[in-house]
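> build me a model:
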Amino acid sequence: MIDDDPATEFGTDPTRAALLRAILPHVPFDGWSDRAFASAAREAEVTMAEARAAAPRGPLDLAVEWHRQGDRAMGKALACADLGAMRLRDRVAFAIKSRMAALPEREALRRSAALFALPQNAALGGRLLWETADAIWTALGDASRDGNWYSKRATLSAVLASVVLYRLGDDSPDLARTNAFIDRRIGDVMAFEKWKAGARNNPVLRPLTGPLGWIMGRISAPQRPEDLPGGWRPKE
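I've put the predicted structure just below:
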């Protein structure tokens with residue numbers, strides 16, 4: 001998706017990648033701070049001007065890059081998995097578990113959670129969770145184009161946020177407790193979805209669910225504008 005975010009990428013910038021590798025050992029001690037960023041620039045052997053060109057928002061951009069690196073690793077895990085042999089709930093759980101295993105540095109995750117909890121970064125943190133949820137549903141082949149496109153990602157974003165917080169306190173081998181927590185949360189979501197399906201057919205609730213379903217059906221998922229150069233529409 002093309003936007004004006006300087007952290008958006010179409011392939012990892014080599015300078016930014018070098019800065020990220022260099023800053024990670026400093027993050028547990030100094031956080032995603034200017035001090036850690038300066039240390040990373042020295043160790044990556046780039047000038048501060050070059051570092052700022054690669055990461056205009058400094059350590060914040062590197063924290064964003066680290067998050068998206070985890071999304072890419074998760075995407076590779078999903079591409080290699082036999083998802084067709086799994087139930088939907090197991091596919092979603094597998095995706096979240098893969099995302100948690102993608103970046104094992106718990107202290108860096110703790111520092112990231114603190115960074116994106118700051119008021120000035122909260123919107124960006126929410127956007128990154130949404131990106132991860134969207135990446136999961138896209139990889140799982142979600143074909144919804146109405147209001148369900150939004151509700152699925154909103155629900156999964158909430159699950160991801162709770163999993164991250166749980167992960168921060170989990171020191172069990174191979175994230176066993178976190179994985180069990182993921183299974184429970186997905187179970188709760190699936191139970192709610194089952195209740196929703198039943199509510200749609202409940203004559204008592206139909207006066208409420210009918211109009212709500214009509215509204216959800218009129219909502220459209222975002223689409224890439226068709227008037228941009230460099231694109232084409234397939235012949236029908």
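> and the most centrally placed residue in the chain, what element?
The centroid of the chain falls nearest to Thr132 when counting by C-alpha atoms, centre = their mean (1.8 Å). For Thr132, the host element (DSSP states H and E) is helix 122-139.
> tell me what that helix is packed against?
helix 59-80, helix 88-102, helix 106-117, helix 147-168 (3 or more C-beta pairs under 8 Å, 6 or more residues apart in numbering; DSSP states H and E). Using the backbone N, CA and C atoms, a C-beta is placed for each residue, glycine as well.
> out of those, which comes closest to Phe29?
Proximity to Phe29 (C-beta to C-beta) singles out helix 106-117 among the helices and strands packed on helix 122-139, at 8.6 Å.
> now do the buried residues in that closest one.
Within helix 106-117, the residues that count as buried by 16 or more other C-beta atoms under 10 Å are 108-112, 115-116.
> residues contacting the helix holding Thr132, please?
With C-beta atoms under 8 Å, 6 or more residues apart in numbering as the contact definition, helix 122-139 has outside contacts at 60, 64, 67-68, 70-71, 74-75, 78-79, 92, 95-96, 99, 115-117, 152-154, 156-157, 160-161.
> relative to helix 106-117, how tilted is that helix?
Orientation of helix 122-139 against helix 106-117 (axes from the mean of the first three to the mean of the last three C-alpha atoms, to 10 degrees) gives an angle of 120 degrees.
> tell me how far helix 122-139 is from the chain's mean position?
4 Å (C-alpha atoms, centre = their mean, to the nearest Å).
> cool, stretch 24-41 as well?
23 Å.
> start and end of that stretch, how far apart?
End-to-end span of stretch 24-41 (C-alpha to C-alpha, to the nearest Å): 12 Å.
> what pLDDT, on average, does that stretch get?
Averaging pLDDT along stretch 24-41 gives 97.
> next, the buried residues of it.
Buried, per 16+ other C-beta under 10 Å, within stretch 24-41: 24, 26-27, 30-33, 36-41.
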